[in-house]
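> From the sequence below, what's the structure:
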Amino acid sequence: MIDFAIVDSHVHLLDPSRLSYSWAAGAPKLARAFNFDDLLSVAKPYEIAAAVFVEVDVDPGQHRAEAAYAAEEPRLTGAVVSLPLERGAAMEAEMAEVAALGRTRGVRRLLQNKPSGFALQPAFVEAVRLLPRYRLSFDICIYWPQMLEALELVRRCPDVSFVLDHFGKPGVAAGVFEPWAGWIADMAREPNVACKLSGLTTEADPRAWTPAQLRRYIDHAAQAFGPDRLLYGGDWPVCTLAGDYLQWLATLDQATADWTSDERRKLFADNAKRFYRL
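All right, here's what the predicted structure looks like:
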């Protein structure tokens, strides 16, 4: 078992009394408030020392309010906020605004629900290239068939720090390994990309997945990116659609049991601190 305090690089807090989440209509289990105290409770007996808030796809027009909400929770040490980057350079004022909130470390514009070519629009690329000006990274959240488009975005923005969320969401339930595995290797060859070991259980059969089923995806991503570019993410509370927080954490704990103590500290704490400047 992990014997040191964990830094979770990917958590979602929700407050339906302040913000609207239309997508929750299709996931009623998530249609309630989830706060930091809830996270600490579900993680026991593991200790969460720090966590990074990641945007939750609030309804249009509420992204700035969500960024402000994340800045209010003192136990969040970093935040990845949403910005409609497809608006291009016109987003720079808002980019500066959210960066000034203090905890903002990155931006995520959810791509998994966008049409082909969305992330390669000239305006989108232009906005992504502005992120280093404000010391902000970009979280890539896609389904695995979008990997080549994401890879092209990375190559067009060599000065931007990227992190690939949720292994690139491979098709675990359908048994898809290739071409995902090859594309992960291609992504790992780009020196400005890290990978979050997160969100894998919800890509499997939510009622029948096993740790053994997930192991080859974990091992492949770990081999491709190496211990210096991997971040642990719980993806809570989305992970509860396929189990609970401890099931994923224990699965990853077991899968890395033969790593060195230094490598495990990097995965479960130090890499998140470094990448998000916590």
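> from here on, contacts and neighbour counts on C-alpha atoms
Will do.
> Give me the contacts around stretch 22-30.
Stretch 22-30 is contacted by residues 31, 58-59, 237-238, 241 when judged by Cα atoms under 8 Å, 6 or more residues apart in numbering.
> and which of those is nearest to Gly102?
Nearest to Gly102 among the contacts of stretch 22-30, counting by Cα to Cα, is Val58 at 20.7 Å.
> How about the contacts made by that closest one?
Counting by Cα under 8 Å, 6+ apart, Val58 has contacts 19-22, 66.
> farthest pair in these?
So, the contacts of Val58 by Cα to Cα: farthest apart are Ser22 and Glu66, at 14.3 Å.
> neighbour count winner among these two?
Glu66 (23 against 13; other Cα atoms under 10 Å).
> quick one: buried residues of stretch 184-198?
184, 187-188, 192-198 (16 or more other Cα atoms under 10 Å).
> ok, and what's touching that stretch?
So stretch 184-198 is contacted by 9-10, 151, 154-155, 158-168, 218, 221, 224-225, 229-235 (Cα under 8 Å, 6+ apart).
> can you give me the strands for the stretch 101-250 of the chain?
Here the stretch 101-250 of the chain has its strands, by DSSP state E, counting those that start in this stretch, at 104-107, 137-140, 162-164, 193-197, 230-232.
> Averaged pLDDT, the first one. What do you get?
Confidence for strand 104-107, expressed as mean pLDDT, is 98.
> center of the chain - which residue?
Asp165 (3.9 Å; Cα atoms, centre = their mean).
> looking at it, that residue is touching Asp139, isn't it?
Yes: assessed by Cα atoms under 8 Å, Asp165 is found in contact with Asp139 at 6.4 Å.
> In PDB, please show the C-alpha coordinates belonging to stretch 220-238.
C-alpha atoms of stretch 220-238 as PDB (Å, rounded to 0.1, in the frame of the first residue of the first chain):
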ATOM      1  CA  HIS A 220       1.900   0.200 -21.900                       C
ATOM      2  CA  ALA A 221       1.300   3.800 -20.900                       C
ATOM      3  CA  ALA A 222       3.900   3.500 -18.200                       C
ATOM      4  CA  GLN A 223       6.500   2.000 -20.500                       C
ATOM      5  CA  ALA A 224       5.800   4.700 -23.200                       C
ATOM      6  CA  PHE A 225       5.900   7.800 -21.000                       C
ATOM      7  CA  GLY A 226       8.300   6.600 -18.300                       C
ATOM      8  CA  PRO A 227       8.200   7.400 -14.600                       C
ATOM      9  CA  ASP A 228       9.000  11.100 -15.000                       C
ATOM     10  CA  ARG A 229       5.900  11.900 -17.200                       C
ATOM     11  CA  LEU A 230       3.100  10.100 -15.400                       C
ATOM     12  CA  LEU A 231       0.500  11.600 -13.000                       C
ATOM     13  CA  TYR A 232      -2.000   9.800 -10.800                       C
ATOM     14  CA  GLY A 233      -5.500  11.000 -11.300                       C
ATOM     15  CA  GLY A 234      -8.600   9.700  -9.400                       C
ATOM     16  CA  ASP A 235     -11.200  11.200 -11.800                       C
ATOM     17  CA  TRP A 236     -13.500  11.400  -8.800                       C
ATOM     18  CA  PRO A 237     -16.500  11.500  -8.800                       C
ATOM     19  CA  VAL A 238     -16.800  10.400 -12.500                       C
END
